[in-house]
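Peer 1: Below: sequence and its predicted model.
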Amino acid sequence: MLVVIDYNVGNVKSVCNAFDHLGCPVELSCDRRKIEAASALVLPGVAAFGFAVNALGSLGSVIKDLALAGKPLLGICVGFQMLFDKSSEFGTHNGLGLVSGDVVAIPPGRVIPHMGWNKVMLPNDMALFDGLGSEKHFYFAHSFCANVTDKTAKVAYTDYGFKLPASIQKGNVYGTQFHPEKSSRQGLQVLRNFARIANGSNA
Amino acid sequence: MLTRRIIPCLDVKDGRVVKGVHFVNLRDAGDPVELGARYSDDGADELVFLDITATIRSRKTIVDLVRKVAENVFIPFTVGGGINSVEQMDELLRSGAEKCSVNTAAVKKPDILTQAAQRFGNQCVVLAIDARRSKTKAGHWQVTVKAGTEATDIDAVEWAVEGAKRGAGEILLTSMDADGTQKGYDIELTRAVADAVGIPVIASGGAGTLEHLYDAIVEGHAEAVLMASITHFESYTITQMKEYLRDRGIAVNL
């Protein structure tokens, strides 16, 4: 069973709705045993970084240990940002540190938040994008972005006047800055791909 | 490149989508869940649901509506109308909305913008401004509240700037003068606000032709265009709007 981490922030229901729509069994839970027993984990997030990290509390280290042990993990939006070392949104906050890099304000000189549908160039070796071709539009809504320094992570970018990391893959750790659950058909395909990854794992 | 957004707006009263002129003379336009799903299938970039009943009794109705929409619609949607606390926003976001818009509450207690931004991130916080052209000061617009029924002496452009500083991540800017007329957006208003703030501005009120959409983006500097009458009564499909904009050189998600 795929478990979506419920940590009392923002719009976590939409992620479950999307998996339900795909016919993929999913459970919304903050129960440690269920999280440990899950085939894969989704860390959603519509919140400010600091609020999300505090709300996650001790579950953070549980998730980190499971990911390090090989359980597939998909972070979405702030859940994606939390995969990195730290963020400077409303003060400095530590993330899970699964991927090297930090989360910084989108550089000024453009409309911020980066809000709406932007074209992501899709590397053909990133499993989340199987079946989606070389580029697709996805829905973004954020004011901070990842500065990826991890040389072992695959990164997909979008153009917002600079190369903005839209998605990463590092081993069994996946993340999207955009919202696949709100990105229409192509977004649902990303979630379908992750569900397939989850089914393929015995973690 | 970030694309410009086409956003159908669904004004909901007693569980039905309605559309009026200058906020009155409402016509029935269908079931919100059905319409929302149809727009999503047709390629809308986003949806806005405004609860124009906005009474305490309607609160539960709108939460139920958000839940149903979220089960069927896989594009972002904003909910607004009568929201006056961060707790209400939390409930709506948890029910499946992507963003919440506040109007009257933000004018009465602007702290709500800051509190919401610190909790949900500013991308969840939409400041809705209903603006009416000032009769006494040329080139100025007054903020009105309570669904256009109560005028204030607040300048719309100044309020947009302050709202953005306080934590709003987006401005939903409706011209009361243009609303429902289908005679075009108030370009002057849209541009004045869009040029004054660094956050996205959604132009609203007055869309009647495809050229109006183009003008709001190119002349008005809007990041997104919102419309109701011209989509609900099927003058144009979302695809027709996007193809028109694309053919005139505007990046759209098509």
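Peer 2: Yep, that arrived. Because the structure is a prediction, the values reported are computed rather than measured.
Peer 1: can I assume B:I6 sits in a strand?
Peer 2: Yes: counting by DSSP: H, G, I helix; E, B strand; the rest coil, B:I6 falls inside a strand.
Peer 1: hang on, it packs against B:A222?
Peer 2: No: contact status for B:I6 versus B:A222: not in contact, 11.3 Å apart, counting by CB atoms under 8 Å. The C-beta positions use only the backbone N, C-alpha and C, and glycine is treated the same way.
Peer 1: measure the residue lying closest to A:G57 once chain neighbours are set aside to chain B for me?
Peer 2: The spatially closest residue to A:G57, leaving aside those adjacent along the chain, is A:Y7, at 7.7 Å (CB to CB, 6 or more residues apart in numbering or on different chains). Applying CB to the nearest CB, to the nearest Å, the value for A:Y7 to chain B is 12 Å.
Peer 1: So what's the residue count around A:Y7?
Peer 2: 22 (other CB atoms under 10 Å in any protein chain shown).
Peer 1: isn't it right next to A:L59, touching?
Peer 2: Yes: assessed by CB under 8 Å, A:Y7 is found in contact with A:L59 at 6.4 Å.
Peer 1: Tell me the bridge partners for A:T176.
Peer 2: Beta-bridge partners of A:T176, counted by DSSP bridges, are A:I76, A:S167.
Peer 1: Isn't it up against A:Q81?
Peer 2: No: counting by CB under 8 Å, A:T176 sits too far from A:Q81 to count as a contact (10.7 Å).
Peer 1: so what sits against both of the two?
Peer 2: Residues touching both A:T176 and A:Q81 by CB atoms under 8 Å, 6 or more residues apart in numbering or on different chains: A:G75.
Peer 1: What parts of the stretch 1-150 of chain B come near chain A?
Peer 2: Proximity of the stretch 1-150 of chain B to chain A is confined to B:1-5, B:40, B:43, B:45-46, B:67, B:70-71, B:74-76, B:90, B:93-99, B:117-124 under the rule CB under 8 Å from any CB of the partner chain.
Peer 1: In ChimeraX, how would I select just the buried ones from those?
Peer 2: Selection of buried members from these for ChimeraX, criterion 16 or more other CB atoms under 10 Å in any protein chain shown:
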select /B:2,3,4,5,40,43,45,46,67,70,71,74,75,76,90,93,94,95,96,97,98,99,117,118,119,120,121,122,123,124
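Peer 1: Next step: the residues of the stretch 1-150 of chain B next to chain A restricted to helices.
Peer 2: B:S40, B:R67, B:A70, B:E71, B:D90, B:L93, B:R94, B:A117, B:Q118, B:R119, B:F120 (DSSP state H).
Peer 1: mind checking pLDDT for the closest residue to the third one other than its chain neighbours?
Peer 2: Spelled out, it's B:A70. Counting by CB to CB, 6+ apart, B:G96 is the residue found nearest to B:A70 once chain neighbours are left out, at 2.4 Å. Looking at B:G96, its pLDDT is 89.
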